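Asker: pasting a predicted model and its sequence here:
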Amino acid sequence: DLENFKISKHRWWRSIDNLPRVDLNYEKSKKIINELLYDSTRIRLISDTKISTSLSGGIDSGIIFSILNKYSAEKNLDLDPFIFKDNNIAYENALELCSYYKRKPKIIKDIKYKADQLPGLFTVLESTSTYFSQIQIYKKQNQNGFKVSIDGHGADECLGGYSGNVVNFLFDYHNFIARTYETLAAMWNDNKFLEMNKEKFNLVKKVNKYNLNLLKTIYWRSSFDINQKKYIEHKKIDPIPEFVLNDLEDLKGFEFGQQMMIADANYGGLQWLLNKWDKASMASSVEIRSPFMDWNFFQYALALPTSFKIKNSKNKSILRDSFNNILPPSISNDSRKQGLPSIKYFYNEEHIGYLNKIFSENSFLNSNIWDGKKINKDFQSFKKTKDIESIKNLDVFFRLHLMNKGFNGLKENLNKLTDSNRIKDDYNVLN
């Protein structure tokens, strides 16, 4: 408002308003999914630098890799993929796919992390999560001269790839059966006809009906649990953004499984994942391009009925069926949830010793964010009684402290780079 010199916020995009009409014929939607993903992959091959890709061995990266092999004539495209081996349950699948397309994989393996590396790794991700394998992939791509990586992120979020998605679909099916039973009973004004058909067709005898609440499901817990709050000053806040509340009425028009997928895709879940991958790649100056994240593909897949997303004991079934002609059967039929693992802490003597060292540092003990002295006192007590679960509850402070150390170290290095006493500043830029 230039007349009154006021700024007001207006929302420029709502996913709900941009869900396309989908074809309810499964075979026709399969063809549409296929065409959309080929198109979104093709337009992401425009580059004046070398393009690489990586493989986890799962269905998503496997499909992208297989599509890329159809565009093998592209001069900047290198189709020998990077594969992370350590703790990768689908590693053999990735090797099989390379053999299928006669490609030579670049294997990343035997990565050992030392305790003093943790601050730097947390700083790269700007997070206390331990998804370090992504950092290693992009680091290796950069070392091999690649600036662009075509990756398989985003399929789980629009096609219900997580086990939690399938559980939410299950609630919908339970409620559908329960409503159907209620309708049959109401039509005959008693349960006789319903019970006769249950017996005749061996239908399930009893079905619970669930009253599901989207907000309570999304915001079911806070980041800190009750055992951690005693170490920090805190107050209760409402974590629900206003724009989520504004969308609630429209979201109620969808089945619960669909509601949750739309919510995860728009209100933080997908954003957290993309931010994590972006930080990992940017640390090595590698640009990620994700065909599944093309809005034409993503919105169409998101809008598909849940019955298209689970068939024949497989999740993301319409995706698998759309591309089974370019995948080895062992990969297309592998229903396991795959993906690159996070680093798991083993609370052995070495790790507890490192915790002891960190919790005893003056900067930790005198933190202005948490009560470091109380944390250390409780840690010493838990260590003495070998109460591992209670020690795990203190882990978040350990990670946050290390991340803060990493940021401080980064700041010191940047200050050295811009130290006017060490740099010849002919143009007086630093003053």
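Answerer: Noted; the coordinates are in hand.
Asker: which parts of the helix or strand in which C98 is found are buried?
Answerer: Using DSSP states H and E, C98 sits in helix 91-100. With burial defined by 16 or more other Cβ atoms under 10 Å, the residues of helix 91-100 counted as buried are 91, 93-98, 100. (Glycine included, C-beta is placed from N, CA and C.)
Asker: what of stretch 64-73?
Answerer: Buried residues in stretch 64-73 (16+ other Cβ under 10 Å): 64-69.
Asker: ok, residues contacting it?
Answerer: 37-38, 41-42, 45, 53, 55, 77, 79, 81, 97, 101, 103, 150-152, 291-292, 323, 326-327 (Cβ atoms under 8 Å, 6 or more residues apart in numbering).
Asker: strands of the stretch 101-250 of the chain, start to end?
Answerer: For the stretch 101-250 of the chain, applying DSSP state E, counting those that start in this stretch gives strands covering 106-108, 148-150.
Asker: tell me the most buried of the ones you listed?
Answerer: strand 148-150 (a mean of 23; mean count of other Cβ atoms under 10 Å).
Asker: packing partners of the helix holding C98?
Answerer: strand 51-55, helix 59-70, strand 82-84, helix 329-332 (3 or more Cβ pairs under 8 Å, 6 or more residues apart in numbering; DSSP states H and E).
Asker: can I get the ones you listed in a markdown table with distance to C158?
Answerer: Below are these laid out as a markdown table (distance: least, Cβ to Cβ, whole Å):
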| stretch | distance to C158 |
| --- | --- |
| strand 51-55 | 20 |
| helix 59-70 | 11 |
| strand 82-84 | 24 |
| helix 329-332 | 19 |
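Asker: closest one to N246 among these?
Answerer: The minimum distance between N246 and the helices and strands packed on helix 91-100 falls on helix 59-70, with 31.9 Å, by Cβ to Cβ.
Asker: who's in contact with S127?
Answerer: So S127 contacts 275-276, 279, 403 (Cβ under 8 Å, 6+ apart).
Asker: check which helix or strand covers the most centrally placed residue in the chain.
Answerer: Geometric centre of the chain, nearest residue: L273, 3.8 Å, by Cα atoms, centre = their mean. Here L273 sits within helix 269-282, counting by DSSP H and E.
Asker: cool, I288 as well?
Answerer: Short version, using DSSP H and E: I288 is in strand 287-289.
Asker: that strand: partners in the sheet, and parallel or antiparallel?
Answerer: Pairing partners of strand 287-289, with direction, according to DSSP bridges: strand 148-150 (parallel).
Asker: how far is the partner strand from where the chain is centred?
Answerer: 18 Å (Cα atoms, centre = their mean, to the nearest Å).
Asker: same question, stretch 157-173
Answerer: 15 Å.
Asker: pull out the buried residues from that stretch.
Answerer: 157-162, 165-166, 168-169, 171-172.
Asker: nearest residue to the residue nearest to the centre of the chain in space, please, no chain neighbours.
Answerer: Residue nearest to L273 in three dimensions, not counting chain neighbours: H153, with 7.0 Å by Cβ to Cβ, 6 or more residues apart in numbering.
Asker: relative to S281, how far out is that neighbour?
Answerer: Counting by Cβ to Cβ, to the nearest Å, the gap from H153 to S281 is 10 Å.
Asker: common neighbours of the two, please.
Answerer: Contacts common to H153 and S281, judged by Cβ under 8 Å, 6+ apart, are I288.
Asker: still on that earlier bit, the residue nearest to the centre of the chain touches D151, doesn't it?
Answerer: No - here L273 lies out of contact with D151, judged by Cβ atoms under 8 Å, at a distance of 11.6 Å.
Asker: ok so, going back, buried only: go through the contacts of stretch 64-73 for me.
Answerer: Buried, going by 16+ other Cβ under 10 Å: 37-38, 41, 45, 53, 55, 77, 79, 81, 97, 101, 103, 150-152, 291-292, 323, 326-327, out of these.
Asker: out of those, which sit inside helices?
Answerer: Cross-referencing the buried ones among the contacts of stretch 64-73 against helices under DSSP state H gives 37-38, 41, 97, 323.
Asker: among the residues you listed, which one sits closest to N296?
Answerer: Using Cβ to Cβ, L37 is the member of these that lies nearest N296, at 9.7 Å.
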